[in-house]
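Peer 1: A structural model of the following input is requested.
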Amino acid sequence: MESRLLDCLDILRDRFGGPLRVLSAYRSPYHNARVGGAPMSRHLIGDAVDLSIVNEDKLLLKRLAKEVGFTGFGYYRTFLHIDLGRKREWGKGKWNA
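Peer 2: Here you go, the predicted model:
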């Protein structure tokens, strides 16, 4: 995993004021294919995580992640994907927010 990712996650956890539930981080190419990950997933290079948003303030988590320096955001029904790749967002309709 990229050390910058770990640094950003640590700052995010501090600002969020509680634990972050990481559902997925680095994935091997084999595992990424098995779970249906994108062929060029940021998980493959270790600068992405999926965080559970179940019973969490998802809008606060998103705002803080942006402030900390995360640039890629994928919105899913039960989790938020964040990464340090190029600036982009997808799936906002899944949040109904």
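Peer 1: following the lengthiest helix in the chain in sequence, what is the next regular element?
Peer 2: Longest among the helix segments of the chain by residue count, using DSSP state H, is helix 3-16. Helices and strands here follow DSSP states H and E; after helix 3-16, the next one along the chain is strand 22-24.
Peer 1: just name whatever secondary elements that next one is in contact with.
Peer 2: When contacts are defined as 3 or more Cβ pairs under 8 Å, 6 or more residues apart in numbering; DSSP states H and E, strand 22-24 sits against strand 48-52. Using the backbone N, CA and C atoms, a C-beta is placed for each residue, glycine as well.
Peer 1: give me the mean pLDDT for the strand it packs on.
Peer 2: Throughout strand 48-52, pLDDT has a mean value of 97.
Peer 1: tilt between that strand and helix 3-16?
Peer 2: Strand 48-52 and helix 3-16 meet at an angle of 30 degrees, taking axes from the mean of the first three to the mean of the last three Cα atoms, to 10 degrees as the criterion.
Peer 1: strand 48-52: how far from the chain's middle?
Peer 2: Computed by Cα atoms, centre = their mean, to the nearest Å, the chain-centroid distance of strand 48-52 equals 3 Å.
Peer 1: direction included, what does it pair up with?
Peer 2: When pairing is defined by DSSP bridges, strand 48-52 lines up against strand 22-24 (antiparallel), strand 79-83 (antiparallel).
Peer 1: who's in contact with whatever helix or strand comes next after it?
Peer 2: Sequence-wise, the next helix or strand downstream of strand 48-52 (DSSP H and E) is helix 58-68. Applying Cβ atoms under 8 Å, 6 or more residues apart in numbering, the external contacts of helix 58-68 come out as Cys8, Ile11, Leu12, Arg15, Phe16, Leu51, Ile53, Phe73, Leu80, Ile82, Trp95, Ala97.
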